[in-house]
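Colleague: Model the structure of this input:
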Amino acid sequence: MIELGVNLIPDTDIDSIVTLAAEAEQLGFSRCRVYDEGLVTRDVHVVMSAIASATERMTVGPGITNPYTRHPAQTAAAIASLDELSGGRASLGIGAGGSLTLDPIGLRRVRALRAIRETIEISRALFSGERVSYDGDFAALHDAQLDYARHDIEIWLAGRGPKVLQLGAELADGVMLDFLHEDVLADAVASIEQAASSAGRRCELGYSTVVVTEDDDLEFVRPHMTYRLVDAPPAIKQRIGLGDDDAARIRSAMSGGLEAAAEHVRDEWVLPFIIHGSRSECRRQLDRLIDRHGFSEFVLPMFDMPDPSSYLRRVATTFEG
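Modeller: Next up is the predicted model:
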């Protein structure tokens, strides 16, 4: 039985986000991830704490945070504190970060693989409860300790590039394939499995994308494809026919907000990254992907939409039966 998760973007008032998370738990979603988009949204750690206090069973964690905006030890301390608050229900989701988060505060992704590695290694060490010294390229620890941490807090990595995915297979408990182009999904899974096998370990696989069962659904997805498209690898941009001029136009328009940038996003650039069709067709697509690739979790991202509660219930019924 696949585990269902929901990924909430806290771009509205916190009470509404918490209410939606509690409803997701009642509908059978067992994990709640929260986007960390910096200044664009409410603070991820405040929102996660509120969700943890309003739920009883679901695991709560960032989906995802990045290694640049906070010292890795501060991220680990926040997750360990959330774990204590929630009674052992916290997890850490890490990735390279994207333009939506980093551009407004003038940060760039520099040596992302190394930055992610150090964040995972530092978090693992601190979660052990032991005293830790660490001399990294991005972060250092000097006799640091989290004496209240749970040693087996899960760490998930999300990404698209092959090197990032292989790093997740080597170091993380799970790898989340997020909005990955359908044509490269099989190669990504094979790469993760091979890297995990070579490292002599097992790595869970998750898959995350939106489920579009009505025409209007595509419109709330479109703004959130802007930063994904401009950050996509060159090979994927070429595959979907997204030229350099197109990407530059979208990136430039993002300074006026995602809605403005979304006007430059074509349907044919979006559809290869999502599940779409009638509910029965979407269920068949999801079943095929889950069976073929062995995903243990499917995560539904929730964006700004007219009636998020209705959408959540509608997608939940897709998994019934």
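
Colleague: quick one: the strands in the stretch 201-321 of the chain?
Modeller: 204-208, 211-212, 275-276, 297-302 (DSSP state E, counting those that start in this stretch).

Colleague: what's the offset of the third one from the middle of its chain?
Modeller: Shown here is strand 275-276, whose average C-alpha point lies 18 Å from the average C-alpha point of the whole chain (CA atoms, centre = their mean, to the nearest Å).

Colleague: Please name the strands paired to it in the sheet, noting orientation.
Modeller: strand 211-212 (parallel) (DSSP bridges).

Colleague: I'd like the strands of the stretch 201-321 of the chain written out as JSON lines, with mean neighbour count, distance to Gln166 and mean pLDDT added.
Modeller: In this view, the C-beta of every residue, glycine as well, is placed from N, C-alpha and C. Converted to JSON lines, the strands of the stretch 201-321 of the chain look like this (neighbours: other CB atoms under 10 Å; distance: least, CB to CB, whole Å; pLDDT from 0 to 100):
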{"stretch": "strand 204-208", "mean neighbour count": "21", "distance to Gln166": "13", "mean pLDDT": "96"}
{"stretch": "strand 211-212", "mean neighbour count": "22", "distance to Gln166": "28", "mean pLDDT": "94"}
{"stretch": "strand 275-276", "mean neighbour count": "22", "distance to Gln166": "26", "mean pLDDT": "94"}
{"stretch": "strand 297-302", "mean neighbour count": "22", "distance to Gln166": "20", "mean pLDDT": "96"}
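
Colleague: Which of those strands sits closest to Gly106?
Modeller: strand 297-302 (26.4 Å; CB to CB).

Colleague: what angle do the closest one and strand 204-208 make?
Modeller: Counting by axes from the mean of the first three to the mean of the last three CA atoms, to 10 degrees, strand 297-302 points 30 degrees away from the direction of strand 204-208.

Colleague: Contacts for strand 297-302, please.
Modeller: 2-9, 20, 29, 31, 33, 35, 63, 174, 176, 178, 204-211, 224, 286, 290, 308, 311-312, 315, 319 (CB atoms under 8 Å, 6 or more residues apart in numbering).

Colleague: rerun that using 7 Å as the cut-off
Modeller: The set of residues external to strand 297-302 that reach it, using CB atoms under 7 Å, 6 or more residues apart in numbering, is 2-9, 20, 31, 33, 176, 206-208, 210-211, 286, 308, 312, 315.

Colleague: Check stretch 133-146 too.
Modeller: In this structure, residues lying in contact with stretch 133-146 by CB under 7 Å, 6+ apart are 67, 71-73, 76-77, 80, 114-115, 118, 122, 125-127, 129-132.

Colleague: cool, stretch 9-26 as well?
Modeller: Residues contacting stretch 9-26 (CB under 7 Å, 6+ apart): 6, 8, 32, 34-35, 37, 41-42, 44, 47, 50-51, 54-55, 57-58, 302-304, 308-309, 312.

Colleague: how far does that stretch sit from the chain's center?
Modeller: 17 Å.

Colleague: Using JSON lines, lay out the strands of the stretch 201-321 of the chain together with distance to Lys163.
Modeller: Formatted as JSON lines, the strands of the stretch 201-321 of the chain follow (distance: least, CB to CB, whole Å):
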{"stretch": "strand 204-208", "distance to Lys163": "17"}
{"stretch": "strand 211-212", "distance to Lys163": "29"}
{"stretch": "strand 275-276", "distance to Lys163": "27"}
{"stretch": "strand 297-302", "distance to Lys163": "22"}
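
Colleague: Nearest to Ile153, out of these?
Modeller: strand 204-208 (14.3 Å).
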